[in-house]
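**Student:** model the structure of this input:
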Amino acid sequence: MQLTREADYAIRTLVELASRPHGEVVSLRRIATRQLVPLPYLKKIVRRLCAAGVVSTLRGRGGGVQLGPSAATLTLYRIIGIIEGRLALNRCLIRRGACPLERTCPAHPVWRHVQDVLIRELESVTLAGLVASRRERRPRQSTPLRKPALPAQSRVGRRTPAAGAAPGAGVVQG
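**Tutor:** Residues are numbered from 1 along each chain as shown. All right, here's what the predicted structure looks like:
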């Protein structure tokens with residue numbers, strides 16, 4: 001099983017929005033740039049999220065997208081469901097009776113168990129939890145180091161040796 005690119009983009013988009021102050025409107029172009037999502041694809045994803053009531057859009061100058069009021073409590077399972085529909089590891093798990101071998105297939109109970117575990121895990125992760133873990137993982141800002149000073153050059157293209165350097169060290173013939 002592999003998460004679709006569309007679901008991945010939706011999750012990244014929602015994390016981007018949830019990382020901002022509540023109610024902030026963000027342009028789709030900015031989200032697309034920051035999250036490396038093609039803009040036309042992002043528009044399609046936002047339409048689905050909007051139809052599900054997860055985000056709202058504002059048109060015109062200063063327009064964009066913003067999170068809905070209950071978006072922080074969204075789970076990964078719900079987000080994936082909005083984008084992909086019902087999650088099923090195999091067709092036999094979409095609905096009871098979908099497979100004529102359901103009762104006799106030795107793999108069916110295994111698929112059911114794996115799917116149940118996956119759903120429980122996806123339901124345990126909220127958008128707010130993802131934002132919190134993103135903040136914890138973000139590297140701390142440090143004071144940038146100064147670039148070391150370059151040795152002075154004479155007019156003929158020769159470098160003067162640094163103080164205390166061996167004779168001839170650092171000399172560049174020019």
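
**Student:** leaving out the residues flanking it, which one is nearest to Leu39?
**Tutor:** Using CB to CB, 6 or more residues apart in numbering and skipping residues adjacent in sequence, the residue nearest Leu39 is Ala32, 4.5 Å away. Bear in mind the C-beta positions are built from the backbone N, C-alpha and C, glycine included.

**Student:** gap between that neighbour and Ser70?
**Tutor:** With the distance defined as CB to CB, to the nearest Å, Ala32 ends up 25 Å from Ser70.

**Student:** more neighbours, those two?
**Tutor:** Taking Ala32 and Ser70 together and counting by other CB atoms under 10 Å, Ala32 has the greater number of neighbours (19 against 10).

**Student:** can you tell me what sits against the helix or strand the more buried one falls within?
**Tutor:** Of the helices and strands defined by DSSP states H and E, Ala32 is found in helix 28-35. Under the contact criterion CB atoms under 8 Å, 6 or more residues apart in numbering, helix 28-35 has outside partners 9, 12-13, 16-17, 37-39, 42-43, 46, 64-65.

**Student:** sitting in strands, which of those residues do you find?
**Tutor:** The strands in this structure, assigned by DSSP state E, contain Gly64, Val65 from these.

**Student:** burial of Thr104, as a residue count?
**Tutor:** Applying other CB under 10 Å, we find 8 other residues in the vicinity of Thr104.

**Student:** mind checking the SS state of it?
**Tutor:** Going by DSSP: H, G, I helix; E, B strand; the rest coil, the secondary structure assigned to Thr104 is coil.

**Student:** so what's Glu121 scoring on pLDDT?
**Tutor:** pLDDT, Glu121: 96.

**Student:** pull the distance from the longest helix belonging to the chain to the chain's centre.
**Tutor:** Counting residues, the longest helix found in the chain (DSSP state H) is helix 108-123. Relative to the centre of its chain, helix 108-123 is centred 24 Å away, using CA atoms, centre = their mean, to the nearest Å.
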